[in-house]
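Colleague: Could you look at this predicted model? Sequence included:
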Amino acid sequence: MKLIGLVFGTAFGFVLSAALLTDYNVIHRMLLFKDWQPFLIMGSAVAIAVPGLRLLKRVGWVTPLGGPLTFSPSTVQRHHVVGSLLFGTGWAIAGTCPGPAAAMLGSGRVMGIFIVAGIFSGILLRDAMVARATARPAAVSPEPLGVGL
């Protein structure tokens, strides 16, 4: 299973690089609405994935790990909004998100080292904030800062 993940992840990285989604200038122009190609790439991925996943669910497809394909929709909550704002801010500053950052790292771009380090630092900071918030007594605050980020 790990080998399959490595093969598909590597292929995905090559696609991201070939589409220039690892180039800061391409992402910068996209976020300024000057280049629509990245939006078209993302839109085409969604247009293929949504009906494909629904079809797989309808036919009762079993995942490679042996479980059923399930979807669990949720309502928009505060932590979704905060998380999306943080993600968008990081994307705007760094000009990349986790997938292209990994492709940058894999292709030997030095900036990829700093971006991936920043991603892992953010994950560790989030985990520390959640651990700290859950360690507090419940009487202090009904929703401590950092829960669900």
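Modeller: Great, that's in hand. In this text, all values refer to a predicted model and were calculated from it rather than measured experimentally.

Colleague: low pLDDT regions in this protein?
Modeller: 137-149 (pLDDT under 70).

Colleague: center of it - which residue?
Modeller: Pro98 (5.7 Å; Cα atoms, centre = their mean).

Colleague: any idea how far that residue is from Val130?
Modeller: Using Cβ to Cβ, to the nearest Å, we find Pro98 at a distance of 19 Å from Val130. Glycine gets a C-beta too; all of them are placed from N, C-alpha and C.

Colleague: just Gly90 next, same as before
Modeller: When Gly90 is compared with Val130 (using Cβ to Cβ), they lie 18 Å apart.

Colleague: neighbour-wise, which of those two wins?
Modeller: Gly90 (18 against 15; other Cβ atoms under 10 Å).

Colleague: isn't there a helix covering that one?
Modeller: Yes - counting by DSSP: H, G, I helix; E, B strand; the rest coil, Gly90 is part of a helix.

Colleague: I'd guessed it sits against Ile123; true?
Modeller: No - contact criterion Cβ atoms under 8 Å: Gly90 and Ile123 do not qualify, at 11.7 Å.

Colleague: which helix in the chain runs the most residues?
Modeller: Counting by DSSP state H, the longest helix found in the chain is helix 110-135.
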